[in-house]
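Student: Here is my input, please return the structure:
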Amino acid sequence: MSSSTKMKKPIINVKAKTLLYPFLLFSAIIITLFTELAAAPQQLFKGFTASPNPTTPNFQPLLSDSTGNFSLTFLRVNQDQLALAVLHVPSGESLWQANFTEPTQWDKHTQLIFNGSIVVTNHHSRVVWSTNTDGDLVVLAGSSNLQILKGEKSPSVLWQSFESPSDTLLENQNFTSTMSLISMNGLYTMRLGPDFIGLYAKFKSLGSGSDQIYYRHRAMQAKANIIIGHGPILARISSDGFMGLYQNGSTPVDIESFNSYQRSVPGPRRVRLENDGNLKGYYWSSSSWVLDYEAISETCELPSACGLYGLCRPGFGCSCLDNRTLAKVDQCYQTQEIKDLCEESTNKKNKISEIRRIGVELPYKELMSYIEMTSFEECEKSCKQNCTCWGVLYNNGSKFCYNVDYPIQTILEVVGHESKMGYFKMWEGGKKKRDERLGIGIGLLSGAIIVLGLVIGFGVYKFWKRNKMVNNHNSILEKEDINAPGPYKDLRSSSFGSVELSNR
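Tutor: Take a look at the predicted model:
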């Protein structure tokens, strides 16, 4: 066959290939995922065991609901750790996670067993989580509720994930006074009071008392009244787009409306306690989770929007109580460096410094206890003499003195309110650590500048040496009257000096 009749190869545009490869990779991942989900059983019986697959990048399905929208999975966390989770498959969002007693590795020695209980053991063969039941099978309902059932003809529910929520409350899931939502970072909790929904923060050290409440929504009791002693209240998300509080009946004693109130939406609804302490509501739009509700709408009203010893000014963002600028959250003070002031005050090696500010207050002062005092000096003195006090905030108008008995979180800046003052204690170890990091950063920058200087200097030296060699070479050529052969001649020679370019 002649070269002219050979079939030409199709030319593929390079840009098209670049765009095609990610698409093919994504398609392969989706196909693999749905293949695994299709292979996942819809019931688990006694004797079922599973271990994580080391090649699985994100999550490994173990059990699927009948619709394929939800899956019980091994979920990979922080690359090498494992969680047992119920996922919303279309989005890959975790709706529930088992509360392990210790971090568990993603390796072949970690195992899930169903022997009447769902049991997870780690690589040391220690039980890190168990349902402590004696059931016959495990199912995942279409509502994402993981259940352990007992019996065959009319099975009873022995255990269900809807009664042990993690950070999320699902549509039509009853949330009672015996339950709590806990943010994934473990800092914030949602609980029910006798007539309210409360959000709490673990700002206090262990053993120092209850958590600090920073948000409270009381029931309006517009359509029905709460009768104390007639049973606890419960919260439930309605498909009509609200979170209702109920007591012994179907009529809500309170309604917290979402943005989509009384509008139908394509997918399920949920609320989640976020890692910043806010409670947010979402609905599934068939392609993404749409934000539908926020308990706290202003950033500066969050419990620790700017981190430890941060200062939040509405509309302007974060800075530090000690006047240092703040680029990122948690840059004013290192969380892991917080110490007990009662212990540190007796240690002469460590110093506790003081900060005073005017025009400041707590974002949730209405929920804090206070003592009336005649002056800011009196309020400050009460804190100075108390090693459990980290700071006080004083209102010169109301004469209220608010005592902060935990490490100082974000303080709210109120411009033009000089009558609102604050006094705060800071353990110097945290500042020293930060200053050391600053010194290290300066040292690294200086080192980089020195290295850059050496590189530039070396380059200049090489350039100078090369020029010197060329000049010496040209000098030798001139002395010996040596010209390059052919068209490449020494352009400085006399034979080329008289050549002129002309237009012809």
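Student: domains for the protein, by residue range?
Tutor: 33-162, 165-297, 301-433 (automatic domain parsing).
Student: For the second one, measure first residue to last.
Tutor: With C-alpha to C-alpha, to the nearest Å as the measure, the ends of domain 165-297 fall 24 Å from one another.
Student: returning to what we had before: reformat the domains of the chain into JSON lines and put mean neighbour count and mean pLDDT next to each item.
Tutor: For every residue, glycine as well, the C-beta is placed using N, CA and C. JSON lines is the format used below for these (neighbours: other C-beta atoms under 10 Å; pLDDT from 0 to 100):
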{"stretch": "domain 33-162", "mean neighbour count": "17", "mean pLDDT": "92"}
{"stretch": "domain 165-297", "mean neighbour count": "17", "mean pLDDT": "92"}
{"stretch": "domain 301-433", "mean neighbour count": "17", "mean pLDDT": "85"}
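Student: Show me where the chain has its helices.
Tutor: Using DSSP state H, the helices of the chain run over residues 14-39, 341-344, 376-384, 428-480, 494-497.
Student: helices or strands up against the third one?
Tutor: When contacts are defined as 3 or more C-beta pairs under 8 Å, 6 or more residues apart in numbering; DSSP states H and E, helix 376-384 packs onto strand 391-395, strand 400-404, strand 420-427.
Student: Tell me which of those strands sits nearest to residue 127.
Tutor: For residue 127, the closest of these is strand 420-427, at 38.6 Å, according to C-beta to C-beta.
Student: Contact partners for residue 275?
Tutor: 183-185, 187-188 (C-beta atoms under 8 Å, 6 or more residues apart in numbering).
Student: Try it again at 7 Å.
Tutor: Applying C-beta atoms under 7 Å, 6 or more residues apart in numbering, we find residue 275 in contact with 183-185.
Student: Which residue, other than its chain neighbours, is closest to it?
Tutor: For residue 275, ignoring the flanking residues on the chain, the nearest one in space by C-beta to C-beta, 6 or more residues apart in numbering is residue 185 at 4.6 Å.
Student: Ok, residue 86 next?
Tutor: Closest to residue 86 by C-beta to C-beta, 6+ apart is residue 96, at 4.3 Å.
Student: The one you found and residue 233, how far apart?
Tutor: 23 Å (C-beta to C-beta, to the nearest Å).
Student: Likewise for residue 360?
Tutor: Residue 360 is 36 Å from residue 233, by C-beta to C-beta.
Student: and if you look at residue 321?
Tutor: The value you get for residue 321 to residue 233, if C-beta to C-beta is used, is 39 Å.
Student: Ok, residue 375 next?
Tutor: Distance from residue 375 to residue 233, by C-beta to C-beta: 42 Å.
Student: what residues are up against residue 230?
Tutor: 247-248 are the contacts of residue 230 under C-beta under 7 Å, 6+ apart.
Student: Ramachandran coordinates for it?
Tutor: phi -100, psi 30 (degrees, to the nearest 10).
Student: between the helices and strands packed on helix 376-384, which one is nearest to residue 212?
Tutor: Using C-beta to C-beta and comparing the helices and strands packed on helix 376-384, the one that lies nearest residue 212 is strand 400-404, at 9.0 Å.
Student: now the closest one against strand 391-395, angle please.
Tutor: Orientation check (axes from the mean of the first three to the mean of the last three C-alpha atoms, to 10 degrees): strand 400-404 against strand 391-395 gives 160 degrees.
Student: Give the pairing partners of strand 400-404; include direction for each.
Tutor: If you go by DSSP bridges, strand 400-404 pairs up with strand 370-372 (antiparallel), strand 391-395 (antiparallel).
Student: Can you lay out those as TSV showing distance to residue 408?
Tutor: What follows is the strands paired with strand 400-404, written out as TSV (distance: least, C-beta to C-beta, whole Å):
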stretch	distance to residue 408
strand 370-372	17
strand 391-395	5
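Student: And those: which comes nearest residue 218?
Tutor: Each of these has some distance to residue 218 by C-beta to C-beta; the shortest is strand 370-372, at 19.7 Å.
Student: Looking at strand pairing, list the partners for residue 121.
Tutor: Residues in beta-bridge contact with residue 121 (DSSP bridges): residue 111, residue 127.
Student: Please name the residues that touch it.
Tutor: By C-beta under 7 Å, 6+ apart, the neighbours of residue 121 are 111, 127-128.
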